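K.L.:
A structural model of the following input is requested.
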Amino acid sequence: MGKSFIVGIAGGSASGKSTFAAALQKALVEGQPPLTVELVNMDRYFLPPEAGAPTFISPSSGQVRVDRNRPDSADNARLVADVRARSQAEDAPDAILIEGLMALYVPEIRELLDLRLFVDLDADVRALRRMLRGRGRGPNDPLTMERLIGGINYYRESARVGHQLYVQPSMAYADLVIRGDADFARTADFVADIVRARLKHR
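P.N.:
From the prediction side, this is the model:
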């Protein structure tokens, strides 16, 4: 057993899992007693195309696109090794939060977790959030119609498929399911209390 308490936060694209992870980190750091916390975003471990990232041919455009909505789209072995090492280090944080689509789906990651959370939100709300997010390349980069259509097509052809095949089924592994439209400040305080109680009795 490592020194750190490890929390996994999964959920669909635009469900609010990144926002909840930030709220939980804040609640743990600023609450009593204050804890040291590190946040690991699984997106950091996405494989580049040249390293074997999975791809698909877009039915709408005919282009080859990288598929970021499959379990093999990330270097999961490196993530697990990094988290294990950090959790067992001399200066290990009290808690490590792992946030990402497949945090509960990949068995090797799931087995690391002391607490498993799933942020759930209706598909139509998630799709709307993705469209509004825009994902411009910079603060002054406007959301063009071309980019909007491309984002919608990517959601239909990749994100929605991956959610149905992998992300949504992984909710069965969750200890707690959190609404993606809930008051995260309140929910994060509740989960932070659970983490502190579990740490106290380890």
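K.L.:
surely Y166 meets L104?
P.N.:
No - counting by CB atoms under 8 Å, L104 is not a contact partner of Y166; they are 9.6 Å apart. The way it works is simple: take the backbone N, C-alpha and C, and place the C-beta from them, glycine included.
K.L.:
okay, these two: which has more neighbours?
P.N.:
Between Y166 and L104, L104 has the larger neighbour count (other CB atoms under 10 Å), namely 27 against 18.
K.L.:
Identify the contacts common to Y166 and L104.
P.N.:
Residues touching both Y166 and L104 by CB atoms under 8 Å, 6 or more residues apart in numbering: none at all.
K.L.:
For the protein, identify the residue most remote from the centre.
P.N.:
G62 (28.9 Å; CA atoms, centre = their mean).
K.L.:
Quickly find the element holding that residue.
P.N.:
Assessed by DSSP states H and E, G62 sits outside every helix and strand.
K.L.:
tell me the phi and psi of it?
P.N.:
With angles defined as degrees, to the nearest 10, G62 sits at phi 80, psi 0.
K.L.:
Can we start the residue count at 878 from this point?
P.N.:
Shifting the count to begin at 878 puts that one at G939.
K.L.:
Could you check how far it is from G1028?
P.N.:
From G939 across to G1028, the span is 17 Å (CB to CB, to the nearest Å).
K.L.:
And I886, by the same measure?
P.N.:
For I886, the distance to G1028 (CB to CB) stands at 23 Å.
K.L.:
Please say which of the two ends up with more neighbours.
P.N.:
A side-by-side neighbour count of I886 and G1028, using other CB under 10 Å, places I886 first with 30 against 18.
K.L.:
shouldn't the more buried one be in contact with L990?
P.N.:
No - applying CB under 8 Å, one finds I886 not in contact with L990, separated by 9.6 Å.
K.L.:
so where do the strands sit in this protein?
P.N.:
If DSSP state E is used as the criterion, the strands of the chain fall at 882-888, 914-918, 932-934, 941-943, 972-976, 992-997, 1053-1056.
K.L.:
what's the most buried one of those?
P.N.:
Of all the strands of the chain, strand 882-888 has the most neighbours on average by mean count of other CB atoms under 10 Å, namely a mean of 28.
K.L.:
and that strand, which strands flank it?
P.N.:
Strand 882-888 has the following sheet partners, assigned by DSSP bridges: strand 972-976 (parallel), strand 992-997 (parallel).
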